[in-house]
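>>> kindly generate the corresponding structure for this input.
(one chain, ligands or ions: 1)
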Amino acid sequence: MPSPRRTIEGRPLGSSGGSSVPGSPAHGGGGGSGGGRFEFQSLLNCRAGADPACARLRASDSPVHRRGSFPLAASGPAQAAPAPPPEDARMNLNPSFLGIALRSLLAIDLWLSKKLGVCAGESSAWGSVRPLMKLLEISGHGIPWLLGTLYCLLRSDSWAGREVLMNLLFALLLDLLLVAVIKGLVRRRRPAHNQKDMFFTLSVDKYSFPSGHATRAALVSRFILNHLVLAIPLRVLVVLWAFVLGLSRIMLGRHNVTDVAFGFFLGYMQYSIVDYCWLSPHNVPVLFVLWNQQ
Ligand SMILES: CC(C)=CCC/C(C)=C/COP(=O)(O)O
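As a prediction, the model looks like this:
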């Protein structure tokens, strides 16, 4: 708990940084970006002052003070508790466990992603394997998967095959939609070391959370493992492809680790949605009847 005689920056009150001159930022009159912090300082400075601004600050009852976590809370029952400090100052004083955990996770994420971004440029440590990573990138891109599925659907001559491919198409479209919505909501920028040389992107693809390649890799591999009868080595290869594709996103500098980790999770869950809503002649006969009429 900070000493009552210190500002939130640890400077003693009464020193030049903490003096309260009416109209000065330190008196609470400061607008602009530092306004919140200055107002909080003036709150500390005007304990016994007759300044009306101070009286206003003391007049409201702050839950922070009620909890006794703020040093001025012990001013006595006759003296109303000061107004709550601005949100950002309160967060600095009482960071929640969740806040600390999230900030630490983000710091580790950025640090690890930078370390793993060994193919981010031609001159990077593993710059020579960049072309291979870009090939992997295309193997998980939405366009080849959509076109490939459509092509196989049109060429398929069995109803069972059509049903599976129709659901794969549905899964790919659902994936594109969900990833676009989340990217648009979260708006996390791609890492600074990423080169803007990706093959065919949509406008939301300037954002990195979650990785669309990772969601597709998890979704498609789970789909294949559940609907294609494959020999064990091929099944291992499918899982390996998904994992290496996800890793390559970080190595290329396209994503942070958390983008890919969440992408895998989301893709895995998307398959559960597809499985739950499985399109078949029983639940959406119209799709299959239309097909039959062609
Ligand atoms: C245009 C279509 C159909 C898909 C876009 C595929 C794409 C570029 C996704 C971005 O993936 P990352 O989020 O992993 O970079």
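>>> so what's the one residue in the stretch 1-150 of the chain that gets nearest to the ligand up against?
Going by CB to the nearest ligand atom, the ligand is nearest to residue 142 of the stretch 1-150 of the chain, at 2.9 Å. All C-beta atoms are positioned from the backbone trio N, CA, C, and that covers glycine. Residues in contact with residue 142 (CB atoms under 8 Å, 6 or more residues apart in numbering) are 172, 175, 176, 212, 216.
>>> out of those residues, which are buried?
Neighbour-count burial within these applies to 172, 175, 176, 212, 216; the criterion is 16 or more other CB atoms under 10 Å.
>>> now render the residues you listed as TSV, adding pLDDT, distance to the ligand and secondary structure.
Below are the buried ones among the contacts of residue 142 laid out as TSV (pLDDT from 0 to 100; distance: CB to the nearest ligand atom, whole Å; DSSP: H, G, I helix; E, B strand; the rest coil):
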residue	pLDDT	distance to the ligand	secondary structure
172	98	8	helix
175	98	9	helix
176	98	6	helix
212	98	3	helix
216	98	8	helix
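>>> hmm, back to that, look at the residue of the stretch 1-150 of the chain closest to the ligand and report its pLDDT.
Per-residue confidence at residue 142 stands at 97 (pLDDT).
>>> let's have the chain start at 43 instead
Sounds good: first residue 43 from here, last item residue 184.
>>> show me which residues of the stretch 143-292 of the chain sit near the ligand.
183-185, 188, 218, 240, 242-244, 247, 253-255, 291 (CB under 6 Å from any ligand atom).
>>> max pairwise distance over those: which two?
Farthest apart among these by CB to CB are 188 and 291. That separation is 19.2 Å.
>>> more crowded one of these two?
residue 291 (29 against 15; other CB atoms under 10 Å).
>>> in CSV, list the buried ones among the contacts of residue 184 along with distance to residue 276.
Converted to CSV, the buried ones among the contacts of residue 184 look like this (distance: CB to CB, whole Å):
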residue, distance to residue 276
214, 21
217, 23
218, 26
254, 25
258, 19
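>>> which of those sit farthest apart?
214 and 254, at 10.8 Å, using CB to CB across those.
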